[in-house]
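1. Structure, please.
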Amino acid sequence: MSQATFDDDELFSEAANEMRGDVEDHLDAAKAALPTTEDFWAVEADNVLGALNALKGSLDLGDAADELRQAKKWYAIGERADAFEDAEDLEAELETVESLFEQIETTREQVATLAGTVPQLKGALDEAHADGADDDDA
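-> Have a look, this model is predicted:
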């Protein structure tokens, strides 16, 4: 039976490798949980409002946001502890995924705004046409 070593440098190196693995695993999980193109591109709905609501729902980040948060948390800990020998690739991937998240969130907010204004526009158009029909009857 070999004797276990508890050398601080060796333990730190092992922990750093595990931490890097955690960051990579959470990044992979975040990307896997992102909506697919099919999730939002092909929407079935009976009307514009239904299509907008379906689109907004398909752009929900849910679990993907949780995974990105975990990846960033473990990266921040590792970075502050100077645990990563070469962290540029992790940092670049985190930035790429975070940028994609921001783009999805911005799009979702814009769709939500539009979904909020479409019923108002429909009501205004219905009212304008109803008023026009009343004028024709007179």
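
2. Flag the shaky bits of this protein, pLDDT-wise.
-> Along the chain, segments meeting pLDDT under 70 span 1-5, 132-138.

3. And the helices in it?
-> Under the criterion DSSP state H, helices of the chain are mapped to 8-33, 37-41, 48-58, 62-80, 88-137.

4. now these as CSV including mean neighbour count?
-> Any C-beta I mention is one placed from the backbone N, CA and C, and that applies to glycine too. CSV is the format used below for the helices of the chain (neighbours: other CB atoms under 10 Å):
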stretch, mean neighbour count
helix 8-33, 15
helix 37-41, 12
helix 48-58, 17
helix 62-80, 17
helix 88-137, 12
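
5. how close does residue 16 get to residue 28?
-> For residue 16, the distance to residue 28 equals 19 Å [CB to CB, to the nearest Å].

6. An error on my part: the question was meant for residue 13.
-> Residue 13 sits 23 Å away from residue 28, going by CB to CB.

7. what's the answer for residue 66, then?
-> Distance, residue 66 to residue 28, using CB to CB: 14 Å.

8. got the contact list for the residue nearest to residue 12 when sequence neighbours are not counted?
-> Of all residues not flanking residue 12 in the chain, residue 83 sits nearest, at 7.1 Å (CB to CB, 6 or more residues apart in numbering). When contacts are counted by CB atoms under 8 Å, 6 or more residues apart in numbering, residue 83 touches 12, 15, 16, 19, 20, 77.

9. Just the closest of those residues to residue 49, please.
-> Closest approach between the contacts of residue 83 and residue 49, by CB to CB: residue 77, at 44.5 Å.

10. Please verify my assumption that the closest one contacts residue 18.
-> No - applying CB atoms under 8 Å, one finds residue 77 not in contact with residue 18, separated by 11.6 Å.
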